[in-house]
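Q: Let's see this in three dimensions:
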Amino acid sequence: MSSLPATTAALPATFRRLAWSNLAAQSAEQVGLAAAPIVAVLALGAGAAETGLLQTAQTLPFLLLAIPAGLLADRRSRRALMVLAETLRAASLAAVVLCVAGHVLSLPLLAMLGFIGAAGTVAYSVAAPSLIPALVPRAQLSLANGRIELARTVAFAAGPAVAGALVGWTGALPAFTVAALLSAGAALLLAGLAEPPRPVRPPRHPLHDLREGAGFTFRHRLLRPVLLTQVIFNIGLFVLQAVFVPWAVHRLGLSAAGTGSVLAFYGLGMVAGALLSQHVLRQLPFGIVVSIGPVAGFVAALMMMATIWLPSPVLAGLGFFLIGAGPILWVISTTTLRQTVAPQDMLGRVSALFLMAQGGRPVGAAIGAAVGALWGMEACLIIAAVIFALQALVILLSPLLRLAALPDALPAAA
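A: From the prediction side, this is the model:
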């Protein structure tokens, strides 16, 4: 076992450029994601079923494209892949701006452009954690991941509030314009990043590469339960998110700005978790830190379910805060675990499998849309709580709970 680093040495300049790009990219994503359902509900008359389908379109690329992105990340320049991905997202956001300006925006068009933008998000998200170990020393991985997640949490905190305010005060055009400019800025920052060269790998069939990466992950006694927990968590989260905007507007009585403010508590919780992450990782056993996220998610889902009987925006905000604060410790600790135990030439494929776990998002959004249409939004909140209970049980019953410290590279077999 290796203890978590307490180093305070400055992170390399190349990593800092990546971190700034990540902040811009994540901000663009969050503004766009938050603005889309608000515009759909208030401008296009969408209900729970329609917003659920919109969420499905915006998350489906995680299921369909993560593996191809991982294969590319292990054989091509990861920086170049990220530049291409962010350019694609900027183009999709600019297209939304043009549609709004031309008064031709429709729900199917918004969903299609959301799908295209999410395709860029997938490639960026696979390549970034695969690139970090090449930019920072091994001893600083936890610190670097904490910085990346702190940048992401700032975006989560500000993005929904900014989107809600812009849509509520001035309409959809400024919100999507801001998102497009942020995305373009992220691509420009990446263009100047120097990526260390990697050994050229001999040509092999993509299926061989895929089997190798999947076999390593599924056989690994620590990575396997992490992956399963992540899939279930994403399903539960998006059952909840698929119906929250119409729930907030029609049952909690919130405006567009109010809805964005409640959603921003998710990001505020993530900021709090990211700021405390290094202290928590030094003070608590590694397995306990990993378990905090799933348990916090379950408690948060219970709080959201309680708004059925106590329709309080404050209670909903506290639920979002908790579901942000706990899981951010999960992201930092499990990303560092993955970067530590996975071979560097396989990290793109392993990261892709974990990103593919976000394919649970369209599944959750589709469940939310179907359940919301058939049995109402209350049923969605109850089902989300049950799903969050399951993901907490998976991690609590796994070998991870017994880890005292971050492990060294381990054999893949169980």
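
Q: could you point out which element follows the host helix or strand of residue 272?
A: Under the criterion DSSP states H and E, the helix or strand holding residue 272 is helix 256-283. On the C-terminal side of helix 256-283, the closest following helix or strand by DSSP H and E is helix 286-306.

Q: Now the closest residue to residue 15 other than its chain neighbours: phi and psi?
A: Sequence neighbours aside, residue 135 is the residue nearest to residue 15 in space, at 4.4 Å (criterion: CB to CB, 6 or more residues apart in numbering). The C-beta positions use only the backbone N, C-alpha and C, and glycine is treated the same way. Residue 135 has phi and psi values of phi -100, psi -20 when expressed as degrees, to the nearest 10.

Q: Surely residue 135 and residue 148 touch.
A: No. Proximity of residue 135 to residue 148 does not meet the contact threshold set by CB atoms under 8 Å, at 10.8 Å.

Q: what's the overlap in contacts for these two?
A: With CB atoms under 8 Å, 6 or more residues apart in numbering applied, the overlap between the contact sets of residue 135 and residue 148 consists of residue 18.

Q: on that earlier part again, distance-wise, check the residue nearest to residue 15 relative to residue 348.
A: From residue 135 across to residue 348, the span is 15 Å (CB to CB, to the nearest Å).

Q: Between the two, which is the more surrounded one?
A: Ranked by neighbour count (other CB atoms under 10 Å), residue 135 and residue 348 place residue 348 first, with 26 against 22.

Q: about what we covered before: which of the residues in the helix holding residue 272 are classified as buried?
A: With burial defined by 16 or more other CB atoms under 10 Å, the residues of helix 256-283 counted as buried are 256-274, 277-278, 280-281.

Q: report the angle between the axes of it and helix 286-306?
A: Orientation check (axes from the mean of the first three to the mean of the last three CA atoms, to 10 degrees): helix 256-283 against helix 286-306 gives 160 degrees.

Q: Output the contacting helices and strands for helix 256-283.
A: Using 3 or more CB pairs under 8 Å, 6 or more residues apart in numbering; DSSP states H and E as the contact test, the elements touching helix 256-283 are helix 13-42, helix 141-170, helix 223-250, helix 286-306, helix 313-341.

Q: and that helix, what's its mean pLDDT?
A: Here helix 256-283 scores 84 as its mean pLDDT.

Q: what's the offset of it from the middle of its chain?
A: Centroid separation between helix 256-283 and its chain, computed with CA atoms, centre = their mean, to the nearest Å, is 13 Å.

Q: Could you list the low-pLDDT ranges of the protein?
A: When residues are selected by pLDDT under 70, those of the chain lie in 1-9, 48, 156-157, 168-171, 199-200, 408-414.

Q: how much space between residue 56 and residue 107?
A: Residue 56 sits 12 Å away from residue 107, taking CB to CB as the criterion.

Q: again, but for residue 11
A: In this view, residue 11 and residue 107 are 43 Å apart by CB to CB.

Q: residue nearest the centroid of the chain?
A: Here the mean C-alpha position of the chain is nearest to the C-alpha of residue 358 (CA atoms, centre = their mean), at a distance of 7.6 Å.

Q: Enumerate every residue touching it.
A: 59, 62-63, 66, 230, 234.

Q: Please tabulate these in JSON lines and include distance to residue 76 as additional columns.
A: What follows is those, written out as JSON lines (distance: CB to CB, whole Å):
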{"residue": "59", "distance to residue 76": "25"}
{"residue": "62", "distance to residue 76": "20"}
{"residue": "63", "distance to residue 76": "22"}
{"residue": "66", "distance to residue 76": "16"}
{"residue": "230", "distance to residue 76": "25"}
{"residue": "234", "distance to residue 76": "27"}
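
Q: which among those residues end up buried?
A: Using 16+ other CB under 10 Å, the buried members of the contacts of residue 358 are 59, 62-63, 66, 230, 234.

Q: re the thing from before, compare neighbour counts for residue 56 and residue 107 and give me the winner.
A: Taking other CB under 10 Å, residue 56 and residue 107 do not tie; residue 56 has more neighbours (24 against 19).

Q: Now do the helix or strand where that one lies: which elements does it pack against?
A: Taking DSSP H and E as the definition, one finds residue 56 inside helix 48-64. Counting by 3+ CB pairs under 8 Å, 6+ apart, the packing neighbours recorded for helix 48-64 are helix 13-42, helix 107-135, helix 223-250, helix 347-356, helix 360-375.

Q: Now it: buried residues?
A: 48-63.

Q: Out of those, which is nearest to residue 309?
A: For residue 309, the nearest member of the buried residues of helix 48-64 is residue 48. The distance, counting by CB to CB, is 19.2 Å.

Q: And stretch 93-112, how far out from the chain middle?
A: Going by CA atoms, centre = their mean, where stretch 93-112 is centred and where its chain is centred differ by 24 Å.

Q: cool, stretch 343-352 as well?
A: Using CA atoms, centre = their mean, the mean C-alpha position of stretch 343-352 is found 18 Å from that of the whole chain.

Q: end-to-end on that stretch?
A: End-to-end span of stretch 343-352 (CA to CA, to the nearest Å): 14 Å.

Q: related to what we said a few turns ago, and the helix holding residue 56, how far out from the chain middle?
A: With CA atoms, centre = their mean as the basis, helix 48-64 stands 14 Å off its chain's centre.

Q: tell me which residues in the helix or strand following it are buried?
A: On the C-terminal side of helix 48-64, the nearest following helix or strand under DSSP H and E is helix 66-73. Under the neighbour-count criterion of 16+ other CB under 10 Å, helix 66-73 has 66-67, 69-73 buried.

Q: could I get those as TSV with distance to residue 165?
A: Formatted as TSV, the buried residues of helix 66-73 follow (distance: CB to CB, whole Å):
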residue	distance to residue 165
66	32
67	37
69	33
70	37
71	40
72	37
73	36
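
Q: Can you tell me which of the residues you listed is nearest residue 384?
A: For residue 384, the nearest member of those is residue 66. The distance, counting by CB to CB, is 23.3 Å.

Q: residues contacting the closest one?
A: Listed by CB under 8 Å, 6+ apart, the contact set of residue 66 reads 122, 126, 352-353, 355-356, 358-359.

Q: from the contacts of residue 358, which is closest to residue 395?
A: Top of the list for closeness to residue 395, among the contacts of residue 358 and by CB to CB, is residue 230 at 9.6 Å.

Q: ok, now how distant is the nearest residue to that closest one once chain neighbours are set aside from residue 38?
A: Nearest in space to residue 230, with sequence neighbours left out and distances taken as CB to CB, 6+ apart, is residue 357 at 4.0 Å. Using CB to CB, we find residue 357 at a distance of 27 Å from residue 38.
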